[in-house]
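*Asks:* One predicted model, sequence on top.
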Amino acid sequence: MLTAENIKTYIESSLPCEHVQVEGDDGVHFHALIVSPEFNGKNVVQQHQLVYKSLGDKMKQEIHALSMKTLTPAQWAATSQ
């Protein structure tokens, strides 16, 4: 069974991130906050596609639902103030 920590590790291993937070305790439904410089210049759909790509087949086979908020480092800095 997947854990939130597993998903966090998968994302961080293939997408350069400044911050990743994943929550979920039932093994199939997860919520993530991901901050990456790779999101600069991309719309939300493109950002989510990058995350899905980092998860690969796990998105099709093991993760039933992943809701996410994706931010650029500048957006993250602005929300943190």
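*Replies:* Good, I have the coordinates. This one's a predicted model, so the numbers in the text were calculated from it and none came from an experiment.
*Asks:* which other residues reach the worst-scoring helix or strand of the chain on mean pLDDT?
*Replies:* In the chain, no helix or strand scores lower on mean pLDDT, DSSP states H and E than helix 58-61, which sits at a mean of 80. Defining contact as CB atoms under 8 Å, 6 or more residues apart in numbering, one finds that helix 58-61 is touched by 2, 7, 10, 52, 66. Quick note: C-beta positions are derived from backbone N, CA and C, even for glycine.
*Asks:* which stretch of helix or strand covers the second one?
*Replies:* Under DSSP states H and E, the secondary-structure element containing I7 is helix 4-14.
*Asks:* what's the following helix or strand after that helix?
*Replies:* Next element after helix 4-14 (DSSP H and E): strand 19-23.
*Asks:* list the helices and strands that next one packs on?
*Replies:* When contacts are defined as 3 or more CB pairs under 8 Å, 6 or more residues apart in numbering; DSSP states H and E, strand 19-23 packs onto helix 4-14, strand 29-35.
*Asks:* So which bits of the first one are buried?
*Replies:* What that stands for is helix 4-14. 4, 6-8, 10-12 (16 or more other CB atoms under 10 Å).
*Asks:* swap in the last one?
*Replies:* Residues of strand 29-35 classed as buried under the neighbour-count rule (16+ other CB under 10 Å) are 30, 32, 34-35.
*Asks:* quick check: angle from that strand to helix 4-14?
*Replies:* 40 degrees (axes from the mean of the first three to the mean of the last three CA atoms, to 10 degrees).
*Asks:* Output the below-cut-off pLDDT ranges for this protein.
*Replies:* By pLDDT under 70, the low-scoring segments of the chain are 81.
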